[in-house]
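*Asks:* any chance you could fold what I've pasted below:
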Amino acid sequence: MIIFLGIIYGIVGVITVALVLLHSGRGGGLSDMFGGGLGASAAGSTQMERNLDRLTIVFGLIFAFLTLILAFLINA
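*Replies:* Presented below is the predicted three-dimensional model:
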């Protein structure tokens, strides 16, 4: 059980890092490759950026819950 959760934890961690790197910062980011470039700065937040935000939040929460679950299982 702990090994399975550890594998899922690693996969979710890698996906979370990738999603964070896709966000555009001050000078743009990797999300510019997918159409979040100049139109996003002129028209505000695009639908794709909002979906990217939602996905990042969901995977961040899953990562946090898996951290707590693994911590309790290892200490038990």
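*Asks:* now do residue 56 against residue 65, distance only.
*Replies:* Residue 56 sits 15 Å away from residue 65, going by CB to CB, to the nearest Å. Yep, even glycine has a C-beta here, placed from its N, CA and C like the rest.
*Asks:* these two - which one has more neighbours?
*Replies:* residue 56 (17 against 11; other CB atoms under 10 Å).
*Asks:* so the more buried one sits against residue 16, correct?
*Replies:* Yes. Contact criterion CB atoms under 8 Å: residue 56 and residue 16 qualify, at 7.2 Å.
*Asks:* which of the helices or strands spans residue 51?
*Replies:* Counting by DSSP states H and E, the element that carries residue 51 is helix 47-75.
*Asks:* so for that helix, what's the average pLDDT?
*Replies:* The pLDDT scores in helix 47-75 average 94.
*Asks:* who does that helix touch, helix- and strand-wise?
*Replies:* helix 2-22 (3 or more CB pairs under 8 Å, 6 or more residues apart in numbering; DSSP states H and E).
*Asks:* buried residues, the helix it packs on. List them.
*Replies:* 9, 12, 16, 19, 22 (16 or more other CB atoms under 10 Å).
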